[in-house]
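Colleague: Sequence plus the predicted model coming up.
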Amino acid sequence: MEIKGIVFDMDGVVLDTEKLYIRFWCEAADFYGYPMERYHALAIRSMARPFAIEKLKSFFGQDFDYYAVHQKRIDLMDKYISENGIEKKPYAEELLSFLKDNGYKTAIATATAPERTEKYLKQVGLYKYFDKVVCASMVKQGKPKPDIYLRACSELQLKPKECMAIEDSPNGIRSASGAGCVTVMVPDQDEPNEEIRSITYSVVKNLNEVKNLLLK
């Protein structure tokens, strides 16, 4: 394979924020009386809003107030981040620096809103490493559909088969694999099942191992 570009999911891959989303989704839902547990929050990781709404209503009923819970989750998470900051994932900056030094094109493909994506990445000093940032709001259908990865590859002026996609969640893996990218999983909050393993090129322990894949 000849990889020319790397497309990263953001939360759980570059930033250690997935644990915060899970925590505050559960706290926000509980505030409104919905008994959300960790596995419910895991099910909507990286999922575009229309799909997340459908999934959460399947868990909690058609009266589930997605927008109220979502806003409460944002408020809780913003307060936490303003007080505690954001952590980078291990080896994130080292890998991104290596990619820049070796001529790889780089992009972010995330369900997070554009202004928040830019804010978070700048906060930890990583924004400068990315050639393009593509968010779910920029495409017709977000993850797990392939649109966002197809858009990211197009923005980098590369074919999907020339791009390695780095993901941590099943929905992200489905999106990247569906687009035709060389898909690598760095598990964050849970391990892949057989279905997910069957559509990944490799499952690695951390971002340093991604560099090792490229050097093969």
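Modeller: Perfect, I can see it now.
Colleague: Look up how far Leu126 lies from the residue nearest to Leu158 when sequence neighbours are not counted.
Modeller: Leaving aside its sequence neighbours, Leu158 sits nearest to Gly5 (C-beta to C-beta, 6 or more residues apart in numbering; 4.7 Å). C-betas here are computed from N, CA, C, even on glycine. In this structure, Gly5 lies at 17 Å from Leu126, with C-beta to C-beta, to the nearest Å as the measure.
Colleague: Which residue ranges of the protein form strands?
Modeller: Secondary structure of the chain (DSSP state E): strands located at 5-8, 105-110, 132-135, 163-167, 182-185, 202-203.
Colleague: and these as a markdown table, adding mean pLDDT?
Modeller: Formatted as a markdown table, those follow (pLDDT from 0 to 100):
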| stretch | mean pLDDT |
| --- | --- |
| strand 5-8 | 98 |
| strand 105-110 | 98 |
| strand 132-135 | 97 |
| strand 163-167 | 98 |
| strand 182-185 | 98 |
| strand 202-203 | 97 |
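Colleague: how does this structure divide up, domain by domain?
Modeller: 5-16+87-214, 18-84 (automatic domain parsing).
Colleague: any idea which helix is longest in this protein?
Modeller: Within the chain, and with DSSP state H defining each element, the longest helix by residue count is helix 66-84.
Colleague: Remind me what it packs against, helices and strands.
Modeller: Contact here means 3 or more C-beta pairs under 8 Å, 6 or more residues apart in numbering; DSSP states H and E; on that basis helix 66-84 packs against helix 18-31, helix 49-60.
Colleague: repeat that for 10 Å
Modeller: Applying 3 or more C-beta pairs under 10 Å, 6 or more residues apart in numbering; DSSP states H and E, one finds that helix 66-84 makes contact with helix 18-31, helix 49-60, helix 114-123.
Colleague: Give me whichever of the ones you listed is most buried.
Modeller: Burial among the helices and strands packed on helix 66-84, expressed as mean neighbours by mean count of other C-beta atoms under 10 Å, is greatest for helix 18-31, which shows a mean of 19.
Colleague: With just CA atoms, put that helix into PDB.
Modeller: Output of helix 18-31 as PDB, limited to C-alpha atoms (Å, rounded to 0.1, in the frame of the first residue of the first chain):
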ATOM      1  CA  GLU A  18     -14.300  10.500  24.700                       C
ATOM      2  CA  LYS A  19     -14.300   9.600  28.400                       C
ATOM      3  CA  LEU A  20     -15.700  13.100  29.100                       C
ATOM      4  CA  TYR A  21     -18.500  12.700  26.500                       C
ATOM      5  CA  ILE A  22     -19.500   9.400  28.100                       C
ATOM      6  CA  ARG A  23     -19.500  10.800  31.600                       C
ATOM      7  CA  PHE A  24     -21.400  14.000  30.800                       C
ATOM      8  CA  TRP A  25     -24.000  12.300  28.400                       C
ATOM      9  CA  CYS A  26     -24.900  10.100  31.400                       C
ATOM     10  CA  GLU A  27     -25.000  13.000  33.800                       C
ATOM     11  CA  ALA A  28     -27.000  15.200  31.500                       C
ATOM     12  CA  ALA A  29     -29.600  12.400  30.800                       C
ATOM     13  CA  ASP A  30     -29.900  11.700  34.500                       C
ATOM     14  CA  PHE A  31     -30.600  15.400  35.200                       C
END
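Colleague: Thanks again, I'm all set now.
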